[in-house]
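A.B. asks: Please find the sequence and the predicted model below.
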Amino acid sequence: MAIFKRPKYTLVKIAKRKEIPEGLWTKCEDCGEIIYNKILEENFKVCPKCNYHFVLSAQERINLILDKDSFKEMDAQLSPLDPLDFKGPVTYKEKLEKEQQATGLKDAVVSGIGTIEGKKVVFAVTDSRFMMGSMGSVLGEKITRAIEFALDKRLPLIIVSGSGGGARMQEGMLSLMQMAKTSSALSRFHNAGLCFISVLTNPTMAGVLASFASLGDVLIAEPKALIGFTGPRVIEQTINQVLPPGFQRSEFLLEHGLIDMIVQRKDLKKTLAQLIEYFS
């Protein structure tokens, strides 16, 4: 019997892993890069590796585009009701309460007046965190009031759209008619010769795109934004064909003449200020 014998297995002591506190890192939804949140914030929530533009909240959009402390909200008291007494696994009232608590918003849009490099504008932004930014009666009413206020004061109008949802089914026809109402208000605004700039972000879909979001004098999109009426998977299933690469992304739309320009998030405020100066 051998005096010395090599053990068949070697025990390796594994050092205890340090716990990484939550909220320090974010994984890019496009390339998978792990990004330190401080760097992400400094880069306007754009991935430094692949240029993926993360979704921003309404307040983050206001901070990004408007001059500091210049924004004064309008119609902040408007809150959706439940006109159809909509039932389901979760009632509409319960859904609204949950969304309001989670986002701090009354509905999926914030509107008001502010300045961009000292130039006064009427500004509205939809927020996809609230029921995917779907269009209900309050969203349509606040957008319409913003348009009419800009018309009355003869101010430029900027609407930033980030809505993945269409007309809000829980409000039925009252929701659907907001498409016509906002479009009609914009027709009066255009006839007055005033400037409306529409900014399309990821995602801008369905009833929002089919109404006010596509009616700007200038259509600006962020890079790689999904923009369309129906999602690409639904279209493929309907027509039984494979869609072209990048279909419904902002680069595809620019190539086919459906939008005017694609602007990096860091350049958006400067670009808007230049356009307002040009149209004034």
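C.D. replies: Here it is on my side, so go on. Residues are numbered from 1 along each chain as shown.

A.B. asks: next structured bit after the longest helix anywhere in the chain?
C.D. replies: Ranked by residue count under DSSP state H, the longest helix found in the chain is helix 172-191. Proceeding N to C from helix 172-191, the next assigned helix or strand is strand 196-200, under DSSP states H and E.

A.B. asks: Tell me the secondary structure at I220.
C.D. replies: strand (DSSP: H, G, I helix; E, B strand; the rest coil).

A.B. asks: That one - how many residues pack around it?
C.D. replies: Counted by other Cβ atoms under 10 Å, the residues lying close to I220 total 22. C-beta: built from backbone N, CA, C; applies to glycine.

A.B. asks: Test my guess that it contacts T204.
C.D. replies: No - counting by Cβ atoms under 8 Å, I220 does not reach T204; the two are 11.1 Å apart.

A.B. asks: is it true that D107 touches G133?
C.D. replies: No - using Cβ under 8 Å, D107 makes no contact with G133, being 9.8 Å away.

A.B. asks: The longest helix of the chain vs strand 196-200, what angle?
C.D. replies: Put simply, helix 172-191 runs at 130 degrees to strand 196-200, going by axes from the mean of the first three to the mean of the last three Cα atoms, to 10 degrees.

A.B. asks: helices or strands up against helix 172-191?
C.D. replies: Identification of packing neighbours for helix 172-191 by 3 or more Cβ pairs under 8 Å, 6 or more residues apart in numbering; DSSP states H and E yields helix 137-153, strand 196-200, helix 206-209.

A.B. asks: Name the residues that touch it?
C.D. replies: For helix 172-191, the surrounding residues in contact (Cβ atoms under 8 Å, 6 or more residues apart in numbering) are 83-84, 134-137, 139-141, 143-144, 147-148, 150-151, 157, 167-169, 196, 207, 210-212, 215, 217.

A.B. asks: Tell me the buried residues within those residues.
C.D. replies: Among these, those buried by neighbour count (16 or more other Cβ atoms under 10 Å) are 134-137, 139-141, 143-144, 147, 150-151, 157, 167-168, 196, 207, 210-212, 215, 217.

A.B. asks: residue contacts, the most centrally placed residue in the chain?
C.D. replies: By Cα atoms, centre = their mean, the mean C-alpha position of the chain lies nearest to G162, the distance being 2.2 Å. Contacts here follow Cβ under 8 Å, 6+ apart; on that basis G162 touches 55-56, 61, 125-128, 133, 201-204.

A.B. asks: How much space separates it from S111?
C.D. replies: 14 Å (Cβ to Cβ, to the nearest Å).

A.B. asks: if I look at the two, which residues touch both of them?
C.D. replies: Both G162 and S111 are in contact with V125, where contact means Cβ under 8 Å, 6+ apart.

A.B. asks: Now do the same for the residue lying closest to D30 once chain neighbours are set aside: its pLDDT.
C.D. replies: Using Cβ to Cβ, 6 or more residues apart in numbering and skipping the chain neighbours, the partner closest in space to D30 is Y52 (3.8 Å). Looking at Y52, its pLDDT reads 89.

A.B. asks: roughly how far apart are Y52 and E222?
C.D. replies: Using Cβ to Cβ, one gets 10 Å for the distance from Y52 to E222.

A.B. asks: cool, and G140?
C.D. replies: According to Cβ to Cβ, G140 stands 24 Å off from E222.

A.B. asks: Can you get me a residue count around T204?
C.D. replies: T204: 28 neighbours (other Cβ under 10 Å).

A.B. asks: quick one: low-confidence parts of this structure?
C.D. replies: For the chain, the stretches flagged by pLDDT under 70 are 1-22.

A.B. asks: Now with 80, please.
C.D. replies: 1-23, 164-166, 230-232, 235-237, 239-247 (pLDDT under 80).

A.B. asks: Helices of that one, residue ranges please.
C.D. replies: Under DSSP H, the chain gives helices at 37-42, 58-65, 92-103, 137-153, 172-191, 206-209, 232-239, 250-255, 268-279.

A.B. asks: and these, which is most packed in?
C.D. replies: helix 206-209 (a mean of 25; mean count of other Cβ atoms under 10 Å).

A.B. asks: so how far is it off the chain centroid?
C.D. replies: Helix 206-209 sits 12 Å away from the centroid of its parent chain (Cα atoms, centre = their mean, to the nearest Å).

A.B. asks: What is that helix packed up against?
C.D. replies: Applying 3+ Cβ pairs under 8 Å, 6+ apart, we find helix 206-209 packed against helix 172-191.
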